[in-house]
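Q: Model the structure of this input:
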Amino acid sequence: MFMKIQLILILFFLLSGKVYSQSILTDSLKIGFCNLDSTIGIQIFPENILSENYKIIVTGNESFANKKTAIELFWHSSLIDGIYCVIISPKQIYLRSEHNNPNPDFLYWVTDINKEQFDLIIKNFINSPTSNLLELKNENSPFQTYTFDYEIENYVNDKWENHLYKNFKTIITSINSAILSTGQEINIPKKEKLERNSIRLVVNIEEYTTLSDIKELESDTITFIE
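A: Have a look, this model is predicted:
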């Protein structure tokens, strides 16, 4: 809570904006913050985060480094020089990009789930004997980390393919099979909506010191190649 107040005050003086309970709003900028769910020790994205016109989401640092409470399914992308990953926690599933370089990270999709669904995903998908997931041991990661037999991008007509949607759909289809007994399924958005939904992620607002830095974010787009 103290850290969130600090971030809000920093943004207030940097951007001359108005402070709200979960976001900061200026004439051209709306910034949201993740909430730490103390019951499971995981950052949770606010409800309707992708439909509220946020330009930036401040994620904060994950606080459950040794708990391995959530699952990360990732694949490499040459187009973004980073990885895409689907994070599965007992309360949410979301799709984001990550980098170990200065390239920007984005959130593309998020949905809420319940504990019953999470347990079925672990039992019928993650730990299934027929699963093609490969677990990677990474003590520095807050997640149980897996990769899978994903669609690899090729360099075609002087540009990289982007198989974000294909690989994402493969994972969610497997998740839906895992929770079939509940009579529910997770809605898979259309490819065009997934592209429109992208919102820039930052760990803390100190990554940006001027409004001009933030305005550059609006030019970041994704091109899908069939």
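Q: Can you point out the helix or strand that includes N138?
A: Using DSSP states H and E, N138 maps to neither a helix nor a strand.
Q: In what element of secondary structure is the residue positioned nearest the centre of the chain found?
A: Ranked by distance to the mean C-alpha position of the chain (C-alpha atoms, centre = their mean), the top residue is R96 at 2.9 Å. Assessed by DSSP H and E, R96 sits inside strand 92-98.
Q: Report all helices and strands that that strand contacts.
A: strand 82-88, strand 105-112 (3 or more C-beta pairs under 8 Å, 6 or more residues apart in numbering; DSSP states H and E). C-beta here means a position set from N, CA and C on the backbone, and glycine is covered the same way.
Q: what's the average pLDDT for the shortest one?
A: Right, strand 82-88. Mean per-residue pLDDT for strand 82-88: 95.
Q: residue furthest from the geometric center of this structure?
A: Distance from the centre of the chain peaks at N157, with 29.3 Å (C-alpha atoms, centre = their mean).
Q: My guess is F45 contacts V110. True?
A: Yes: when contacts are counted by C-beta atoms under 8 Å, F45 is listed as touching V110 (5.0 Å).
Q: Pick out whichever of these two has more residues nearby.
A: Legend: neighbour count by other C-beta atoms under 10 Å for F45 and V110, higher for F45 (24 against 20).
Q: What does the pLDDT read for that one?
A: With respect to pLDDT, F45 scores 89.
Q: What of the one 5 residues further on?
A: Residue-level confidence at L50 comes out at 86, pLDDT.
Q: Could you report the distance from K137 to F118?
A: According to C-beta to C-beta, to the nearest Å, K137 stands 22 Å off from F118.
Q: between those two, who's got more neighbours?
A: Ranked by neighbour count (other C-beta under 10 Å), K137 and F118 place F118 first, with 22 against 7.
Q: what bridges to Q144?
A: Q144 has the following beta-bridge partners by DSSP bridges: I71.
Q: Tell me if I'm right that it and F74 touch.
A: No: checked against C-beta under 8 Å, the pair Q144 and F74 is beyond contact range at 11.6 Å.
Q: Just want to know which of those two has more residues nearby.
A: F74 (23 against 18).
Q: Disregarding flanking residues, what is the spatial nearest neighbour of the more buried one?
A: In space, F74 comes closest to C85 once its chain neighbours are excluded; the distance is 3.9 Å by C-beta to C-beta, 6 or more residues apart in numbering.
Q: okay, now the one you found: neighbour count?
A: 21.
Q: Can you give me the distance of P104 to I93?
A: Distance from P104 to I93, by C-beta to C-beta: 22 Å.
Q: Please compare the two by neighbour count and tell me which comes out ahead.
A: Comparing P104 with I93 by neighbour count (other C-beta under 10 Å), the higher total belongs to I93, at 23 against 16.
Q: residues of the helix or strand harbouring E195 that come out buried?
A: Per DSSP H and E: E195 is located in helix 191-196. If you call a residue buried by 16 or more other C-beta atoms under 10 Å, then helix 191-196 has these buried ones: 194-195.
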